[in-house]
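Undergrad: Okay, predicted coordinates and the sequence, questions at the end:
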There are 4 protein chains.
Amino acid sequence: MVKQHKKKDLRRKQIIEAAIEVFGNNSFKEASISEIAQRAKIAEGTIYQYFKNKEDLFFSIPAEMIEEFWDELDLHLQGIHDSFNKMSKFVWFYLYHFKMNPAYARSMMLEMRVSKNFSKSKTHDKVVWIYERVLEIIKEGQEEGLIRKDVEGYAIREMLMGMLEARLTRWLLKDEKFDLMENYGEICDLIFNGIKSSAASNWGSSPQSMKLLNIAN
Amino acid sequence: MVKQHKKKDLRRKQIIEAAIEVFGNNSFKEASISEIAQRAKIAEGTIYQYFKNKEDLFFSIPAEMIEEFWDELDLHLQGIHDSFNKMSKFVWFYLYHFKMNPAYARSMMLEMRVSKNFSKSKTHDKVVWIYERVLEIIKEGQEEGLIRKDVEGYAIREMLMGMLEARLTRWLLKDEKFDLMENYGEICDLIFNGIKSSAASNWGSSPQSMKLLNIAN
Amino acid sequence: MVKQHKKKDLRRKQIIEAAIEVFGNNSFKEASISEIAQRAKIAEGTIYQYFKNKEDLFFSIPAEMIEEFWDELDLHLQGIHDSFNKMSKFVWFYLYHFKMNPAYARSMMLEMRVSKNFSKSKTHDKVVWIYERVLEIIKEGQEEGLIRKDVEGYAIREMLMGMLEARLTRWLLKDEKFDLMENYGEICDLIFNGIKSSAASNWGSSPQSMKLLNIAN
Amino acid sequence: MVKQHKKKDLRRKQIIEAAIEVFGNNSFKEASISEIAQRAKIAEGTIYQYFKNKEDLFFSIPAEMIEEFWDELDLHLQGIHDSFNKMSKFVWFYLYHFKMNPAYARSMMLEMRVSKNFSKSKTHDKVVWIYERVLEIIKEGQEEGLIRKDVEGYAIREMLMGMLEARLTRWLLKDEKFDLMENYGEICDLIFNGIKSSAASNWGSSPQSMKLLNIAN
DNA sequence: AATGAATGAGAATTCATTCAT
DNA sequence: AATGAATGAATTCTCATTCAT
């Protein structure tokens, strides 16, 4: 019985791995069940024994990968107690994880995230969960006095994740031609210190400058 | 003769407008020529008198819009001579432009940018051109002493555009539920000053902290 | 008035000439009215002022050409009074005519002749008329004692035209790579004398051999 | 397994048979996949499981038929050892074969042979192969002293096949109104002995007559 | 008489999903 | 549980012909 179960899980994994490759190199519509079946060395019909339909298979990919991501990240975070290093580690591992799984990165960033139904899927909950963990780290940082308190944690998170997602996207669109992790320190620096020259007066935080930004809407 | 020409231009515009709506609410594959024709109140065949095929029509959308974007931005930039305000204006207008054209934003950000052939299309050149203009503004800012010189202009641009694209994407994925421009000042602030608490020691720029960032790859 | 008429005829000719080229390089379905119009340097609509529809234009091509063919052949036959030379001249001119008009040859042999409606068209009558002229020459030959009388003129004509059409077809299918008129004498020889070795006993004309040909149907 | 395979072959045959009928009564363009599917009593999509596309299906027809043609002809040639009878048998079987398969004859002679891509197709190789077999028989005849040696085998073959193809074509264009095999003996006679009256002097083979044939090109 | 923009019917092909074996 | 043959809906694109100017 146990053996049976294991065999099922193995088959599932086998299909998902084939799916990652195929969805990674093709848009959702372009990717074909038949190619996935071929890669997994099974019959097309068999896929429907494990997944309800094509979309179900598609959305099952990150469910697996995010779990893995968090488990490994958790290990990396062990023994780190200051939020500064936690954050730095998160940035590093985020990039590292996708660098190691480019096909997955591709379908996740360029297709899944952007698809209409994804936000309603169970898998999306896991993404949300990760985002909440990030927010926690940021809030810790604010408590510790490392991160500005005059800006909401949400905004900080938006900036942090936006930067990471933007770089990841650029890397994928440039066909992984540059090293995703090059200048990783510089990214952290920019996130932390901003783009302002140290000589320059503050931008945006002084009442005067706020006036300058005449926001129409 | 002139009248004829105008009529052709009008028809073209009419088709593009219908296409923006349809592509904005559906993925490229889901969008159908027949729906576009219906919306434009013309026969399907007529579309093929103006565009080579479905993809040509798709890629013609930003070609039109980017031109418009730059022309209007240009007006807004008139009379502004310091890079600080130029940048601020760019941020503002970028968000404003997409806020005013959400269907276009949707197809541009969530579909086009991500499509395999887009980077080879003529339209992509226009995107590149905009990015070059942004880099110029940044370099001006560096000359004026407003923006850090210890980081390459490219990296600054990546941060700036990454932040904007990330917010735009989040806005679209949240179904435009929040105001794209709310906290616009805060975004500028974060870009400019970073997330660091003013009390905190520098992150990333001091030799010690650099050591902490043990980059494995 | 007369001038008007001439202008019309000129236009017609102009369209037919363009059509010969286009139909010569494409099958009837592949050939497009728009390409013919382009070649003729007129608008598509104009073609419909001169021809009822695409098929009408197609079938009008040989109507023009056959007339020309016969007129010129007639000149060549002037002064020739024995059927031997008339026939020889016919063979020569048939090949020569098509050699000089390969695009026309192509549409005539490979498309028109083979098309369902051609035999019902007015043009087809002209083809029939030519065939009748050939039969006359053959009968003359039989009267003069040059050509066998034990075989019906129709059968002789079938052989003669079959040989010519077969060579023409082969020439076109081989992309006009060989000279259509090479060995023209040999063709005549074979038609005249057959393939039998002079040493061999008669084939087919003796009662015995007829028995050998046990025709089942 | 064997059963499965047989089933697939059967389906293929079933589609080809439907295709022969439909292509036999329509030009390639006019023939529709949907009609073929209807006739074969299967879904349109099924055709694409067996053939790459419409053209592949079209060209697969003679591939099947030529094989059959040769196999049967081979049986008929068994026990015949003189080239005279081999040739006679070939002529007979060629006509008989097409008489029995008029729809196939139609698509083969009036469409396929004439189509641009056919000469590049694999199927065309089979036609070439048949032609080579015919040449062999002719050369045998020359060795045996039955057939003239003063004319190249190729020319003899051109005459022979030209006559057959011409008759076949005429039969098809006349809507099979006459009996394809009537006067079959007469055809053989003409091929063998030519059209010349036995009383007439040689035509084309004497030096004088060659002069008469003043070939301009 | 000439134009050429607009039409819209028509056909090939793809592929996720089902289901009998 | 696994298979893979069969399905058929759905969609792009072409092009002869028309007709208002």
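TA: Thanks, I have it. Everything numeric in this text was worked out from a predicted model, so none of it was measured. Residues are numbered from 1 along each chain as shown, chains lettered A, B, ... in the order given.

Undergrad: Ends of stretch A:137-155, what's the gap?
TA: Its first and final residues considered, stretch A:137-155 spans 14 Å by C-alpha to C-alpha, to the nearest Å.

Undergrad: how much distance is there from it to the middle of the chain?
TA: On the basis of C-alpha atoms, centre = their mean, to the nearest Å, stretch A:137-155 sits 21 Å off its chain's mean C-alpha point.

Undergrad: domain parsing for chain A?
TA: Following automatic domain parsing, chain A resolves into domains at A:1-51, A:53-212.

Undergrad: that's a helix at A:His124, yeah?
TA: Yes - counting by DSSP: H, G, I helix; E, B strand; the rest coil, one finds A:His124 located in a helix.

Undergrad: That one: neighbouring residues, count only.
TA: A:His124: 17 surrounding residues under other C-beta atoms under 10 Å in any protein chain shown. (Glycine included, C-beta is placed from N, CA and C.)

Undergrad: mind listing the helices in chain A by residue range?
TA: Using DSSP state H, the helices of chain A run over A:2-25, A:33-40, A:44-50, A:54-77, A:83-100, A:102-106, A:122-143, A:153-173, A:184-193, A:207-212.

Undergrad: To chain C, which of those helices lies closest?
TA: helix A:33-40 (32.7 Å; C-beta to the nearest C-beta).

Undergrad: Go ahead and confirm A:Met163 touches A:Asp189.
TA: No - at 11.5 Å, A:Met163 does not count as touching A:Asp189 under the criterion of C-beta atoms under 8 Å.

Undergrad: which of the helices of chain A sits most buried?
TA: Of all the helices of chain A, helix A:184-193 has the most neighbours on average by mean count of other C-beta atoms under 10 Å in any protein chain shown, namely a mean of 23.

Undergrad: elements contacting that helix?
TA: Applying 3 or more C-beta pairs under 8 Å, 6 or more residues apart in numbering or on different chains; DSSP states H and E, we find helix A:184-193 packed against helix A:83-100, helix A:153-173, helix B:153-173.

Undergrad: among the ones you listed, which is nearest chain D?
TA: helix A:153-173 (33.7 Å).

Undergrad: before we move on, back to that, would you mind putting the helices of chain A into TSV with mean pLDDT alongside?
TA: As requested, the helices of chain A are exported to TSV (pLDDT from 0 to 100):
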stretch	mean pLDDT
helix A:2-25	84
helix A:33-40	95
helix A:44-50	95
helix A:54-77	93
helix A:83-100	92
helix A:102-106	95
helix A:122-143	92
helix A:153-173	92
helix A:184-193	86
helix A:207-212	41
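
Undergrad: Please convert the ones you listed to a markdown table, extending it with distance to C:Ile15.
TA: Shown next, in a markdown table, are the helices of chain A (distance: least, C-beta to C-beta, whole Å):
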| stretch | distance to C:Ile15 |
| --- | --- |
| helix A:2-25 | 51 |
| helix A:33-40 | 50 |
| helix A:44-50 | 54 |
| helix A:54-77 | 53 |
| helix A:83-100 | 63 |
| helix A:102-106 | 55 |
| helix A:122-143 | 64 |
| helix A:153-173 | 52 |
| helix A:184-193 | 68 |
| helix A:207-212 | 70 |
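
Undergrad: Quick one: closest of those to C:Lys177.
TA: helix A:33-40 (43.5 Å; C-beta to C-beta).

Undergrad: residues in contact with that closest one?
TA: Contact with helix A:33-40 is made by A:14-15, A:17-19, A:21-22, A:43-44, A:46-47, A:54, A:57, as judged by C-beta atoms under 8 Å, 6 or more residues apart in numbering or on different chains.
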